[in-house]
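[1] sharing a model that was predicted from the sequence below.
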Amino acid sequence: MSKITFFIPYPEIGPVVEEVFREQGDDGWELEIVLAKFVREIAAWKNINTDVCMARGVMAAALKRLTTGIPVVELPVSGYEILRAIWECQKKYSPTKIAIVGSRDMIYGVKKIQDIIGVELIVDEIHDEDEAESHIQVIKKSGVTVIIGGVMSTSIAQRHGLHAELIQIGQEAIYHALLEAKRVALVRRQEQERGEQFRVILDYSTEGVVTTTADGIINLINTAAAKLTGVSDAAVGQQVARFFPQLGLNRILKSGRAELGEIETMNGQQLAVNRVPISIGNLIVGAVVTFQPVTVIQELEGKIRRKVYERGHKAKLTFQDILGNSPAIKRAITVAEEFSEVNSTVLIMGETGTGKEIFAQSIHNSSGRRKGPFVAVNCAALPENLLESELFGYAEGAFTGAVRGGKIGLFELAHMGTIFLDEIPEISHKLQGRLLRVLQEREIMRLGDDKIVPVNVRVIAATNQDLYKMMQEGLFREDLYYRVEILKLVLPSLRGRREDIIPLMYHFLEEYCGQFGKKFRSLSPEAQRLLEDYHWPGNVRELSNIAERLAVLSGNGTIEPGDIEGMFSHPPADSDAVSEKRLISSSSSVDMNRSILLKALEESNYHYAKAAAKLGISRTTLWRRLKGYDSLK
């Protein structure tokens, strides 16, 4: 609801105002009528709560001076209304002189009427009661006997014994004035809303904003600018060069050219600064500078990257997800936990299926980067050109088929987090050189671009190959090898942790049986021995696959060796003497392996069970292998 406050000079006009207001329809408007004959009577209305005031003549002029920020719409006094008042005076008093007294808006142009009516007109401008009192006394002494004006002027004239004629307020003038009042109030409300929006934008913006006139005079300093620079809004009205010499706004006012993305140091901190001239046509009318700390931009960049991270680049596994109680796996976990406490590059080495990515995710989730992204890349899955663009990104137009606007690379996505480079030996020598630069300089450059992008990324690399041997053979860069192998974590094979085989098998069986709605089955002792004797080339991954097959094909009763043997990826190495002979077909291998077995027996005082445990094999396997070597002699 919007409110109009109408100050009327005499009570008789009140009903006319209300009638016109009703005719127009209230449409969300409220009308308040205030009777006020003299200026002194409106002093109490200084802090009036309204959207627009309406009045006539001296009263309107006084309201404009008195109220602050509230628009005042003045009822116009038409020439017709003044002529009517003059005609009434001539009819009643037949004067030779008539004085018309009122505000400037009321009497403007009245002097020209005397050429038409044949009566001398004295026109006198007044602003309040005191001025009206003295002016009317002077007019009386000049021989004028008739006064025309508003309520205040005519009341004073009558008190001094003069004839007086009131300039009436016409209904048409009220109608148009009410329409104008509504229009002014609506415009004011819209301006207030825009002004408040602008104020909120400026005050709650993280960017500091300073604006100047064309002469370099500061006309705005927002809250952020005051906090960042230590200069308050008391500097408004002063030369910008005095308070902000580093902002270079006078230079912009002269050149008319914007300067974007500049770095300046102010109040002890680095700021990213944008300077822009304000022009109307070809005329520069001012300038604006926006600035914010470089650290804020970096934080915003981190938030954007975290949004991307939340859409999929996230490590889900922790050290608690790594199964096994063998000394070998516990030792690997302990080492990995120590690695997670620092930011150095990690190289994870282990056979296929030993859980290299599980350890990489666990290291990340146990590190100070846990809130950042975890980006995993299989370096063997992509050709060289595609891998390069995926790792480092590319600029728009870098190559045929490049996405419009370019693409952010995985290293940028991993900013403030971890990037896991699986099968790192598969990276070409060219990309190895680029990767070396990232590790050394902590910065990347997109394909087809010339801009350097700093990145804060921890690299965890993984391989199932002998990286040192590859380096010696020239297949892997030596300088990159020593950058990658800062912290080396060697994961044990399943053969090296045989005491975990049966617990792992039971864990996976229970998981898959529950997933498929199958009845859980236990393992017979013979089946357990078969699993323990198998050489597990696929390690835990292969064991998990066999458990899934056993769950799918689950029948009734205990799982026996016959249920398992056909599921192995490779024939069991210990299934018969022929397999053993195949494994030890070379004489050099025979001598080496036999000596190892005999040494283990000797150290165990020829206790087959202890020797087998020391070698990580079963007693049956130890016996079969010794028997196989004897048969080859």
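    Looks like it arrived, so ask away.

[2] now do the strands in the stretch 351-500 of the chain.
    Counting by DSSP state E, counting those that start in this stretch, the stretch 351-500 of the chain forms strands over residues 374-378, 418-422, 443-445, 452-454, 458-463, 487-490, given from the N-terminal end onward.

[3] please apply the same query to the stretch 1-150 of the chain.
    Defined through DSSP E, counting those that start in this stretch, the strands belonging to the stretch 1-150 of the chain, from first to last, are 2-8, 29-35, 52-55, 72-74, 97-102, 120-125, 146-149.

[4] for these, give me CSV that also has mean pLDDT.
    Below are the strands of the stretch 1-150 of the chain laid out as CSV (pLDDT from 0 to 100):
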stretch, mean pLDDT
strand 2-8, 91
strand 29-35, 91
strand 52-55, 91
strand 72-74, 90
strand 97-102, 90
strand 120-125, 89
strand 146-149, 92
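
[5] closest one to residue 506 among these?
    Taking C-beta to C-beta as the measure, those were each checked against residue 506, and strand 2-8 came out nearest at 78.0 Å. Yep, even glycine has a C-beta here, placed from its N, CA and C like the rest.

[6] mind saving the C-alpha coords of that closest one as PDB?
    Extracted C-alpha coordinates of strand 2-8, given in PDB (Å, rounded to 0.1, in the frame of the first residue of the first chain):
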ATOM      1  CA  SER A   2       1.400   3.400  -1.100                       C
ATOM      2  CA  LYS A   3       0.400   6.600   0.700                       C
ATOM      3  CA  ILE A   4      -0.400  10.100  -0.500                       C
ATOM      4  CA  THR A   5      -0.600  13.000   2.000                       C
ATOM      5  CA  PHE A   6      -2.600  16.000   0.700                       C
ATOM      6  CA  PHE A   7      -2.100  19.300   2.600                       C
ATOM      7  CA  ILE A   8      -5.300  21.400   2.000                       C
END
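
[7] and it with strand 29-35, angle?
    Computed by axes from the mean of the first three to the mean of the last three C-alpha atoms, to 10 degrees, the angle separating strand 2-8 from strand 29-35 equals 20 degrees.

[8] for strand 2-8, give me every contacting residue.
    With contact meaning C-beta atoms under 8 Å, 6 or more residues apart in numbering, strand 2-8 is reached by 14, 17, 21, 28-36, 42, 45, 48-55, 59-60, 63, 169, 178, 181-182, 185-186, 189.

[9] list the buried residues in that strand.
    Neighbour counts using 16 or more other C-beta atoms under 10 Å place 2, 4-8 of strand 2-8 among the buried residues.

[10] same check on stretch 179-198?
    Of all the residues in stretch 179-198, those buried under the rule 16+ other C-beta under 10 Å are 180-182, 184-185, 188.

[11] what's the answer for stretch 101-108, then?
    101-103, 105-107.

[12] returning to that earlier point: can you put the strands of the stretch 351-500 of the chain in CSV and add distance to residue 603?
    Converted to CSV, these look like this (distance: least, C-beta to C-beta, whole Å):
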stretch, distance to residue 603
strand 374-378, 42
strand 418-422, 38
strand 443-445, 53
strand 452-454, 56
strand 458-463, 33
strand 487-490, 24
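
[13] can you convert the ones you listed into CSV and add a column each for mean pLDDT?
    CSV is the format used below for the strands of the stretch 351-500 of the chain (pLDDT from 0 to 100):
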stretch, mean pLDDT
strand 374-378, 90
strand 418-422, 93
strand 443-445, 86
strand 452-454, 84
strand 458-463, 94
strand 487-490, 94
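
[14] for residue 160, what are phi and psi?
    phi -100, psi 10 (degrees, to the nearest 10).

[15] residue 136 versus that one, what's the distance?
    Taking C-beta to C-beta, to the nearest Å as the criterion, residue 160 is separated from residue 136 by 6 Å.

[16] so what's residue 393 closest to, chain neighbours aside?
    Leaving out its chain neighbours, the residue that sits closest to residue 393 by C-beta to C-beta, 6 or more residues apart in numbering is residue 409, at 3.0 Å.

[17] which residues are in contact with the one you found?
    Listed by C-beta under 8 Å, 6+ apart, the contact set of residue 409 reads 389-394, 444, 446.

[18] domain-wise, how is this protein divided?
    Using automatic domain parsing, the domain ranges for the chain come out as 2-75+173-186, 79-168, 218-293, 312-490, 494-567, 577-632.

[19] for the third one, the distance to its chain's centre please.
    Just to be clear, that refers to domain 218-293. Centroid separation between domain 218-293 and its chain, computed with C-alpha atoms, centre = their mean, to the nearest Å, is 24 Å.

[20] where in the stretch 1-150 of the chain is pLDDT low?
    Where the stretch 1-150 of the chain drops to pLDDT under 70, the residues are 26.

[21] count the residues that sit near residue 84.
    For residue 84, the number of neighbouring residues by other C-beta atoms under 10 Å comes to 15.

[22] for the closest residue in space to it that isn't next to it in sequence, which residues are in contact?
    What sits nearest to residue 84 in space, not counting adjacent residues and going by C-beta to C-beta, 6+ apart, is residue 168, at 7.2 Å. Each residue near residue 168 by C-beta under 8 Å, 6+ apart is listed here: 81, 84-85.

[23] closest to residue 472 out of these?
    For these, the closest approach to residue 472 (C-beta to C-beta) belongs to residue 81, at 109.8 Å.

[24] got a list of what that closest one touches?
    Here residue 81 is in contact with 167-170, 173 (C-beta under 8 Å, 6+ apart).

[25] show the buried residues in those.
    Using 16+ other C-beta under 10 Å as the burial test, these include 167, 169-170, 173 as buried.

[26] distance to residue 562, pLDDT and secondary structure for these - can I get that in CSV?
    Listed next are those as CSV, based on distance: C-beta to C-beta, whole Å; pLDDT from 0 to 100; DSSP: H, G, I helix; E, B strand; the rest coil:
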residue, distance to residue 562, pLDDT, secondary structure
167, 120, 87, coil
169, 114, 85, coil
170, 114, 83, coil
173, 111, 87, helix
